[in-house]
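Got a sequence here, can you model it:
(one chain, ligands or ions: 1)
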Amino acid sequence: MCGIVAYVGNKPCQQLLLEGLKRLEYRGYDSAGIAVLEKGKLRVCKSIGRVQNLEDKLEENGGLSGNLGMAHTRWATHGGVTDINAHPHIDDKVGIALIHNGIIENYASLKTYLEEKGHTFKSQTDTEVLAMLIGELYEGDLERAVQAALREVTGAYSIAVICEKEPNVLVVARKGSPLIVGIGNGEYFVASDASAIVSHTATAFTLDDYNVVKITPEGFHTSTIHNVPVTPRIEQLEIELQEIELGGYQHFMRKEIYEQPKALRNCLRGRIDVKEGRVILGGLAGLAKELTKLRRVVLTAQGTALHAAMIGEYLLEDLAKLPAVAEYASEFRYRNPIIEDGTAVIAVSQSGETADTLAALREAKERGALSLGVVNAVGSSIPRETDAGVYLRVGPEIGVASTKAFVGQVCVLTLITLFLGRRRFMSTEHCSELLKALDSLPEKIEQVLTQDEAIRKVTEKYCDRENWLFLGRGYNYPTALEGALKLKEISYIHAEGMPAAEMKHGPIALISEGMPAVFIANRGRQYDKVMSNIQEVRARGGHVIAVATEGDHEIKRYAEDVLYVPDIAEPLSPMLTVVPLQLMAYHAAVIRGHDVDKPRNLAKSVTVE
Ligand code: M6R
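Model (predicted):
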């Protein structure tokens, strides 16, 4: 969603800020803006559309010079996509500029209060209210004014603030929306996402909720909004620059699909002992007692992460014999959920910042659940708030359409299942057998990737159709949902995923001559039933594209097109069958001329409800 970059130091900052914004483009936004203190005067430039538009506008106007500044990409919530609503927002009376990620929930009452005090507002945003409030409370100390204003605010925020009266000072703060401070040599870099600063420094600290940091070229001071000093934990960022660059690929999505074998190898490294049938998860090691007492698991997530969680549900019940349920976090949190003794909630999330998932986690914790995280982004909010967890270790995911994080999530949920299963009913031999299969997965994904061109050709045949179905059963029912989501979000084709058996209960009415129906039809317990469902579609003129197991020649009699994946134990199959679906969605979007990495209306990380 929105992105923040800020700089204070000894370098001219315009270019540096724009480069930072470009690194955040993947998060999704619809306007951009920049403010720089130029010889003690605030200079601001904003533009709707891409960061490139802002850059062009700056160039037309001669650019901004100054060593202290900040820039923002906005994803509209309060107020439409206009230059005026873009950040930074200004308090003219004091000369304050502010950029903000998040939502100020009590902005309406604050606005009324400020209007009574004589402030007039130019935009429809909640952010302008905060800028004015800081101006109203300013008594010669920006840090104090920010603390005082934030004590009045409810909602979520990460902010950066500068002021004409204190031309060397940058103040930043966070509650519920990530913010990181990178430490250079006599210079500091602030961003809402490490990818914006990693090319400058690897030494950084993440703000905790309610922290305020005052930064000058000479140093920084961290406190709470109540002015209690805080000592931040300075760490080394683990992101490599090449992980956030295209490296020869046309799109991040394609790069990340191709990175999946490597991502899985990293995910598995040091965590499996095939011979001993043992899973080693350092993140869960301290919880041995609680985990043996587990009676129920609730997996909660949104979007692609929910599809992974649904596979987790099947895995836990099937292999660890533990009752499990996967739920939309947005529903779980509001439906008065019952958490009995011995319940663990697992929050599954790539970003670790999804607002609904975080809120569901908090709700479950409040009600006494043991809280676990399955997260990719190290140090993000979910792992900071859970009792324990397991990181995906698949590297940064830049493409808005989640791909390698999905296989990473399923892989970690498989590891957790086997970890728990071995503590319950699972034999060493059974675990060993599954671990061996898991270990073979990266190579098998590589084999699927060799069929990329064949997958593109099949996609080309159908990608002018506006309605698709994705059907699967058992472990591959969530895969069908994921295939449909991938297609919709980047190619804007209407697609529905469902259990293959559900089709007869209504959706079959949609099938018309030539409608593409993708069946996940790999060999497994319900193979014969899937074959019957395929015939039902064929009988009504639908065109069947089957994802089948290598060597299954029979299926060619029923499907127009067959995409093969290598054979693998059924519980692990979604990590293979999803790959052709990811590639189909990718090719459909490219053929239809869409910007794969910046799909319309979407944000990489959904940090608002
Ligand atoms: O960061 P998270 O995994 O919590 O994000 C959850 C969803 O917003 C995310 O998976 C979304 O559905 C993806 N864009 C799908 O590709």
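
okay, now the domains of the chain?
Per the record, the chain has its domains at 3-243, 246-447, 451-596, by automatic domain parsing.

can you give me the helices for the stretch 401-550 of the chain?
With DSSP state H, counting those that start in this stretch, the ranges of helices along the stretch 401-550 of the chain come out as 404-422, 428-449, 452-462, 477-491, 527-538.

The third one: how far from the chain's middle?
By that I understand helix 452-462. 28 Å (Cα atoms, centre = their mean, to the nearest Å).

Who are the packing partners of it?
If you count contacts as 3 or more Cβ pairs under 8 Å, 6 or more residues apart in numbering; DSSP states H and E, helix 452-462 packs onto strand 543-549, strand 561-565, helix 574-591. (C-beta placed from N, C-alpha, C; glycine too.)

which ones are touching the residue nearest to residue 514 when sequence neighbours are not counted?
Spatial nearest neighbour of residue 514, excluding adjacent residues (Cβ to Cβ, 6 or more residues apart in numbering): residue 543 at 5.7 Å. Residues near residue 543 by Cβ atoms under 8 Å, 6 or more residues apart in numbering: 462, 514-517, 560-561.

what's the answer for residue 524, then?
By Cβ under 8 Å, 6+ apart, the neighbours of residue 524 are 473-476, 570, 573.

what's the neighbour count on residue 359?
The local packing of residue 359 (other Cβ atoms under 10 Å) involves 18 other residues.

same question but for residue 466, I mixed them up
10.

ok, now residue 430?
15.

Please apply the same query to residue 90.
Neighbours around residue 90, by other Cβ under 10 Å: 20.

Can you tell me the SS state at it?
strand (DSSP: H, G, I helix; E, B strand; the rest coil).

What of residue 327?
strand.

How about it, nearest residue that isn't a chain neighbour?
Per Cβ to Cβ, 6+ apart, closest to residue 327 is residue 300, 5.3 Å.

ok so that neighbour is a strand residue?
Yes - assessed with three-state DSSP, residue 300 lies in a strand.

how much space between it and the ligand?
Here residue 300 is placed at a distance of 10 Å from the ligand (Cβ to the nearest ligand atom, to the nearest Å).

As a check, name the ranges of all helices in the stretch 251-400 of the chain.
According to DSSP H, counting those that start in this stretch, the helices that the stretch 251-400 of the chain contains are 252-258, 260-268, 288-292, 303-319, 329-332, 355-366, 381-385.

between these, which one is nearest to the ligand?
Closest to the ligand of the helices of the stretch 251-400 of the chain is helix 303-319 (Cβ to the nearest ligand atom; 1.9 Å).

Looking at strand pairing, list the partners for the residue nearest to residue 327.
residue 327, residue 347 (DSSP bridges).

what does residue 472 give?
Applying DSSP bridges, one finds that residue 472 bridges with residue 499.

returning to that earlier point: isn't the residue nearest to residue 327 right up against residue 346?
Yes - with contact defined as Cβ atoms under 8 Å, residue 300 reaches residue 346; the gap is 7.2 Å.

Spit out the residues that contact those two alike.
With Cβ under 8 Å, 6+ apart, residue 300 and residue 346 have common neighbours residue 309.

For residue 567, which residues are in contact?
Residue 567 touches 522-523, 549-551, counting by Cβ under 8 Å, 6+ apart.

Show the model's pLDDT score for it.
On the pLDDT scale, residue 567 is placed at 97.

What backbone torsions are found at the residue in the stretch 501-609 of the chain that the ligand sits nearest to?
The stretch 501-609 of the chain approaches the ligand most closely through residue 606 (4.7 Å), counting by Cβ to the nearest ligand atom. The phi/psi pair for residue 606 (degrees, to the nearest 10) reads phi -90, psi 90.

Fine by me, we can end here.
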